[in-house]
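Q: quick one: sequence plus predicted model below, questions after.
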Amino acid sequence: MFTQPHQQLQDLLARQQWDDAQNLWLELAARHPDQPDQLLLLVQEFAAAGQTLLAAELAGLITDSLQQAGKTHEWLFALKLQAQAKPTDRSLRAAIVTAYRQLHATDPRLKTILAASAIEDHRTPLPDGCARVERLLALNTGAYCQHKSWGFGQVTAFDVALQRVVVRFPGKPEHPMQLAYAADSLQPVSADHLEVRKATDLAGLQKLDPVALLRVVLLSHDRAATGDQIARALAGSVIPADQWKRWWDNAKKLMKKDPHFVVPAKKTELFRLRAAPVAQQDELRAAFQAGLDITQKVAAAKQLVKILDEIAQPELIVQEFADGLREAIQNTKASRVADRLEAAFVLEDLTKTPSEWVNELLAGVADLPGLLEELGAASANRAIAALRRTRPDRLLAQLNELPARVLDDIADLLPAAADRVLQHIRNQTASYDLLHWVARAITAPQPPAWLEPLPPHTVLAAILNALDLADTRGETKKLRDLLTSNETLLTDLLVQAPPEVIRDLCRQLLASTGFEALDRRSLMARIVKAYPFVQDLLVTRTVKEQPLIVSRASLARRQAELDDLIQNKIPQNSKEIGLARSYGDLSENFEFKAAKHAQRLLMQRRAELEILMARAQATDFADVKTDSVQIGTSVTVTDLATGQAQTYHILGAWDGDPARNIISYPAALAQALLNKKVGETVTAAGEHGPLQLRIDRIEKTPAEVLAAL
């Protein structure tokens with residue numbers, strides 16, 4: 001009568017549709033008021049789903065019917081469900097005691113047990129009192145029990161007069177325990193419990209086949225246990241230690257074939273014993289059909305792929321899953337490209353044929369790097385492989401946005417984009433990941449031939465520039481770690497550089513805001529060891545932190561960012577942390593972890609800005625002199641090798657804009673020009689080696705350039 005509604009109720013509870021589940025139960029109660037025991041079974045599903053208060057409320061609706069029908073066991077069970085929600089209710093306490101007296105009227109121990117359990121004491125929470133009564137009732141002569149310190153024992157006597165039980169423990173024969181203490185410290189176990197069987201019938205256990213033995217183990221662990229728990233229970237006691245691994249590997253194979261068992265995919269998950277047999281493919285089919293979102297269907301389909309070889313005739317279920325995945329891909333929003341692509345890959349795994357969806361979805365992706373970040377590692381690799389086959393140009397077109405791991409995967413394609421890569425490095429527009437990849441590649445024992453036109457020191461210059469221009473240190477951590485953790489990389493990048501270029505790069509490193517002072521000194525120490533002539537730069541630089549000359553406009557921007565952090569972002573983040581904390585269970589609280597991570601980034605950025613602001617010295621460049629190159633001047637120089645003239649505006653530390661020929665004074669070129677006069681010739685680092693530049697004109701930076709800062 002209740003089979004179909006029971007399944008329907010379980011489905012609603014599994015989807016946490018509490019209101020719908022309650023309405024279904026109420027409809028059944030209205031239609032079948034004469035079936036309170038069947039309705040109680042459904043109430044038990046609410047309790048199993050964690051809805052204690054709702055289970056108590058529904059149990060209260062059928063309690064009188066159960067009592068009137070003479071179903072004392074069911075009546076007591078319903079009362080105990082209500083006790084979970086009303087642990088101190090006086091009328092409920094009286095009803096529970098009455099139920100126990102009716103149910104165990106012939107047990108001469110009952111009066112003593114009720115007194116020892118303190119269930120009639122209004123200070124005892126009803127759930128605790130009921131648990132004590134149940135435990136003491138189970139501790140009859142001959143019963144088995146477990147103590148957390150003394151292990152398993154057997155009750156040899158229950159003395160009503162002395163209000164105690166006598167238990168035989170290993171090493172503690174005939175040990176007496178007062179009932180009140182026994183009620184709290186002993187846990188009754190059945191005679192079929194694994195530990196009892198090990199003590200009374202070890203030879204019988206050892207004769208069981210693996211599936212039967214594992215059934216005993218799981219029943220002794222409330223039908224669920226990890227692999228480690230199973231090993232501790234059997235290895236060395238039931239199964240010889242030297243045979244355990246082979247026995248366990250075989251047992252897992254047998255469990256996978258037995259529909260009574262659930263075998264987990266991960267070692268940390270639980271092996272489970274079902275109450276009724278369910279074929280694994282049927283379980284996955286049910287999960288697939290119940291999945292409301294494409295991600296749920298993909299999860300079920302991935303599990304099916306793992307067991308396909310174990311299914312005798314998989315054609316029908318494969319077709320069902322394939323049709324469902326195609327429909328899910330079709331009906332899922334176009335913006336969820338990663339989820340749709342994951343489904344397309346699983347579809348290929350199921351059908352063992354290429355899916356037309358893979359190329360179609362990849363062809364329509366606007367943000368390829370973002371997609372690769374969103375995909376899991378395995379799916380990202382498959383997406384890259386698909387693009388390599390069909391559209392390698394898509395990968396090369398966005399190489400400056402791709403993660404370094406993707407650049408590793410397409411390294412053989414990069415020669416076709418050599419000019420683009422070299423241009424990004426020379427123009428100092430390369431991404432952090434591209435810089436990371438090129439730095440590793442160019443210093444490898446056998447660097448790619450297409451990188452030969454690129455002097456390694458230009459890569460270091462680009463890296464230092466990128467670190468200085470970064471908004472936060474967090475985004476450049478991988479690049480900084482590459483320089484600081486690789487002991488030889490820095491000097492490898494300088495190996496072909498002329499002495500003056502090395503000095504310029506050392507100046508740039510010492511002026512860099514991208515490193516902590518300790519890291520700067522450590523990196524400089526490596527350079528000094530290989531090139532002692534830069535020792536004087538290290539000594540001079542480490543005497544005192546020099547102020548940063550900055551424009552008023554750039555100072556205002558940094559101050560505005562700091563003010564926004566202090567006045568808006570950090571307070572808002574504090575509110576988010578408080579709200580997330582109110583959700584409870586911080587160990588599993590994603591919102592709390594995300595808010596705390598954001599807090600660390602915000603506080604880190606605040607500290608960085610405060611340090612920079614403390615060093616900043618603002619100027620409007622109004623009083624700059626033009627008898628020599630100074631900060632705030634515009635300098636016209638001629639390349640003596642080509643005869644080409646170029647004008648550079650040398651401004652504050654935060655004003656660099658290569659597109660407008662504005663260079664910050666800590667930059668290598670600016671450092672080479674500073675304090676030089678008209679007619680002097682300077683040597684500066686160029687793309688293909690040192691440049692000889694003649695200073696032709698020095699003037700104040702035009703007002704329109706300053707106004708646009």
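A: Now that the structure is in, tell me what you want to look at. None of the values given here were measured: they were computed from a predicted structure.
Q: use CA for all of it now, contacts and neighbours both
A: OK.
Q: so who does the residue nearest the centre of the chain touch?
A: For the chain, Phe590 is the residue whose C-alpha lies nearest the centre (CA atoms, centre = their mean; 9.2 Å). If a contact means CA atoms under 8 Å, 6 or more residues apart in numbering, then Phe590 has no contacts.
Q: and what of His147?
A: With CA under 8 Å, 6+ apart, His147 has these contacts: 153, 185-187.
Q: any of those buried? List them.
A: For the contacts of His147, a burial check counting by 16 or more other CA atoms under 10 Å picks out 153, 185-187.
Q: out of the residues you listed, name the ones that lie in strands.
A: 153, 186-187 (DSSP state E).
Q: before we move on, the earlier item: need the contacts of His147 in a markdown table with pLDDT and distance to Thr351, can you?
A: Below are the contacts of His147 laid out as a markdown table (pLDDT from 0 to 100; distance: CA to CA, whole Å):
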| residue | pLDDT | distance to Thr351 |
| --- | --- | --- |
| Gly153 | 90 | 56 |
| Ser185 | 94 | 57 |
| Leu186 | 94 | 55 |
| Gln187 | 91 | 52 |
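Q: grab the two from those residues that are most spread out in space.
A: Using CA to CA, the contacts of His147 reach their maximum pairwise distance at Gly153 and Ser185, which is 12.4 Å.
Q: pLDDT below threshold where in the stretch 201-350 of the chain?
A: Within the stretch 201-350 of the chain, the stretches with pLDDT under 70 are 275-279.
Q: quick one, strands of it?
A: Ranges of strands in the stretch 201-350 of the chain, per DSSP state E, counting those that start in this stretch, are 224-226, 261-262, 270-273.
Q: now do the first one: which elements does it pack against?
A: Using 3 or more CA pairs under 8 Å, 6 or more residues apart in numbering; DSSP states H and E as the contact test, the elements touching strand 224-226 are strand 270-273.
Q: strand partners (parallel or antiparallel) of the strand it packs on?
A: strand 224-226 (antiparallel), strand 261-262 (antiparallel) (DSSP bridges).
Q: who touches that strand?
A: 215, 218-219, 223-227, 260-264.
Q: which of these tops the neighbour count?
A: Neighbour counts for the contacts of strand 270-273 (other CA atoms under 10 Å) peak at Phe261, which has 27 neighbours.
Q: give me the number of residues near the closest residue in space to that one that isn't next to it in sequence?
A: Among residues not flanking Phe261 along the chain, Leu273 sits closest, at 4.8 Å (CA to CA, 6 or more residues apart in numbering). Neighbourhood size, Leu273 [other CA under 10 Å]: 24.
Q: how close does Leu273 sit to His260?
A: Distance from Leu273 to His260, counting by CA to CA, to the nearest Å: 6 Å.
Q: now Pro445
A: Counting by CA to CA, the gap from Pro445 to His260 is 57 Å.
Q: state the separation between stretch 656-671 and the centre of the chain it belongs to.
A: Computed by CA atoms, centre = their mean, to the nearest Å, the separation of stretch 656-671 from the middle of its chain amounts to 41 Å.
Q: got a list of contacts for that stretch?
A: 504-505, 507-508, 511, 631, 647-655, 684-685.
Q: about what we covered before: just put the strands paired with strand 270-273 in a markdown table and tack on distance to Ala116.
A: Supplementary listing: these in a markdown table, determined by distance: least, CA to CA, whole Å:
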| stretch | distance to Ala116 |
| --- | --- |
| strand 224-226 | 33 |
| strand 261-262 | 41 |
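Q: of those strands, which is nearest Asn427?
A: strand 224-226 (57.0 Å).
Q: tell me, how many residues neighbour Pro571?
A: 14.
Q: swap that for Asp192, sorry
A: Neighbours of Asp192 under the rule other CA under 10 Å: 14.
Q: what does Arg473 give?
A: Arg473 has 20 nearby residues by other CA under 10 Å.
Q: now the residue nearest to it when sequence neighbours are not counted: how far from His597?
A: Spatial nearest neighbour of Arg473, chain neighbours left out: Gly514 (6.9 Å); criterion: CA to CA, 6+ apart. Distance, Gly514 to His597, using CA to CA: 21 Å.
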